[in-house]
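Novice: Have a look at this fold, sequence not included:
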C-alpha cells in the first residue's frame with residue numbers, strides 16, 4: 001500500500017508541471033523515512049554568547065510530513081488535498097544553554113520539499129530568554145522568500161521583507177536528501193536566522209562560497225563561508241545514505257579580531273515515534289538519549 005501511495009504521489013506531482021528533484025533514491029529514501037518514525041539526534045553544544053563559551057545541548061529532529069504548498073502548513077487530511085499536498089523533510093532544531101543567571105531557548109524549523117526542485121517552502125526561527133522573545137518566518141512564494149520578523153528590540157521590531165536567495169538553514173535538510181545536490185562555488189544565501197538574531201545584523205541576502213571535502217573514508221564536510229559578515233559554517237556528515245549529521249561548527253570573527261566558535265557534536269541518535277511517547281513512563285527514553 002505504501003508503494004502504491006508513493007506511485008500516485010509521483011503522478012500528481014509530475015502531472016502538475018513541477019520540476020522533479022534529482023539525486024533522491026526513492027527506494028532508499030522511502031524505506032528509511034516513511035516508516036512512521038522521526039530521527040532524533042542529540043548534540044553536546046558549545047555555544048558562544050556575549051563573548052564567552054557556554055555549555056549546552058542541541059537536539060535535531062528529522063521527519064517527513066505531508067505539507068500544503070499553498071497554505072505552507074502541515075496537512076491534517078493530505079488524502080483530500082490533491083495536488084496541493086507535498087512531501088517535505090522537516091528539521092526541528094533546538095538549542096538550550098545558560099548565560100549567567102538566565103537561560104536561552106532557540107528553535108529552528110525548515111520544511112524542504114522531497115520531490116520538488118525548489119527551495120524550502122518555509123523556515124521559522126524563535127529565540128526566547130528572560131529579556132523577551134523574537135520570531136522570524138520565511139515563506140517561499142513566487143520565486144523569493146517573504147520574510148516577517150517580530151522582536152522585542154525596537155530596531156528589530158515588526159518588519160516585512162522580500163529576499164531573493166536560498167537559505168543557509170536548509171543546508172542540513174539538503175544534505176539529508178543527498179549532499180550531491182548542495183551547490184558548490186559562489187552562491188547567494190540568507191544567513192542563519194538564529195545567527196541573525198544573535199548578531200543583530202540586518203536580515204538580507206549575502207554572497208557566500210560553498211565547498212566540499214572528504215574527511216575520512218566514510219565522512220565528508222560541507223563549508224559555507226561569508227566574507228562580508230565574517231561567518232563560516234561547516235557541517236560534517238556520513239558519506240553514505242541516510243547521510244547522518246555528525247557535527248557542525250559556526251565561526252564568527254568579530255571586528256576586533258576575536259574568534260567565537262560554536263560547536264555541536266552528536267552524542268546519540270534514535271528513531272522514534274516520539275509523538276506517541278508522551279506518558280510518564282516514556283521519560284526513560286530521554287535518559288537513554290542523554291537528555
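Specialist: Noted; the coordinates are in hand. Because the structure is a prediction, the values reported are computed rather than measured. Numbering: from 1, shown residues only.
Novice: What residues of stretch 28-41 count as buried?
Specialist: 29, 30, 32, 33, 37, 38, 39, 40, 41 (16 or more other Cβ atoms under 10 Å). Where you see a C-beta, it was placed from the backbone N, CA and C, and this is true even at glycine.
Novice: Doesn't the second one lie inside a helix?
Specialist: Yes. Assessed by DSSP: H, G, I helix; E, B strand; the rest coil, residue 30 belongs to a helix.
Novice: so where's this protein shaky on pLDDT?
Specialist: For the chain, the stretches flagged by pLDDT under 70 are 1-18.
Novice: mind redoing it with 80?
Specialist: 1-19 (pLDDT under 80).
Novice: Give me the distance between the two termini of stretch 175-188.
Specialist: Its start and end residues considered, stretch 175-188 measures 18 Å (Cα to Cα, to the nearest Å).
Novice: wait, residue 116 sits on residue 19?
Specialist: Yes. If you go by Cβ atoms under 8 Å, residue 116 and residue 19 touch, sitting 7.1 Å apart.
Novice: Neighbour count: these two, which is higher?
Specialist: Taking other Cβ atoms under 10 Å, residue 116 and residue 19 do not tie; residue 116 has more neighbours (18 against 11).
Novice: Enumerate the beta-bridge partners assigned to that one.
Specialist: Counting by DSSP bridges, residue 116 is bridged to residue 20.
Novice: Likewise for residue 237?
Specialist: residue 220, residue 245.
Novice: okay, now it: neighbour count?
Specialist: Other residues close to residue 237 by other Cβ under 10 Å number 22.
Novice: how close does it get to residue 123?
Specialist: Distance of residue 237 to residue 123, computed by Cβ to Cβ, to the nearest Å: 20 Å.
Novice: Also residue 194?
Specialist: Residue 194 is 11 Å from residue 123, by Cβ to Cβ.
Novice: Next, show the common contact partners of the two.
Specialist: Shared contacts of residue 194 and residue 123 (Cβ atoms under 8 Å, 6 or more residues apart in numbering): residue 108.
Novice: of those two, who's got more company?
Specialist: residue 123 (27 against 21).
Novice: Which stretches in the stretch 101-250 of the chain count as strands?
Specialist: Taking DSSP state E, counting those that start in this stretch as the criterion, the stretch 101-250 of the chain carries its strands at 102-113, 122-129, 132-141, 144-151, 159-163, 166-167, 185-190, 206-214, 219-226, 231-238, 245-253.
Novice: which helices and strands does the fifth one pack with?
Specialist: In terms of contacts (3 or more Cβ pairs under 8 Å, 6 or more residues apart in numbering; DSSP states H and E), strand 159-163 is packed against strand 144-151.
Novice: buried residues in the longest strand along the chain?
Specialist: Looking across the chain with DSSP state E, the single longest strand is strand 52-68. If you call a residue buried by 16+ other Cβ under 10 Å, then strand 52-68 has these buried ones: 54, 56-68.
Novice: same thing with stretch 283-291?
Specialist: Applying 16+ other Cβ under 10 Å to stretch 283-291 flags residue 289 as buried.
Novice: got it, and stretch 259-266?
Specialist: Buried residues in stretch 259-266 (16+ other Cβ under 10 Å): 260, 262, 263, 264, 266.
Novice: Next: stretch 121-131.
Specialist: Within stretch 121-131, the residues that count as buried by 16+ other Cβ under 10 Å are 121, 122, 123, 124, 125, 126, 127, 129.
Novice: residues contacting the nearest residue to the third one once chain neighbours are set aside?
Specialist: In space, residue 123 comes closest to residue 138 once its chain neighbours are excluded; the distance is 4.4 Å by Cβ to Cβ, 6 or more residues apart in numbering. Contacts here follow Cβ under 8 Å, 6+ apart; on that basis residue 138 touches 120, 122, 123, 124, 145, 146, 147, 163, 167, 190, 193.
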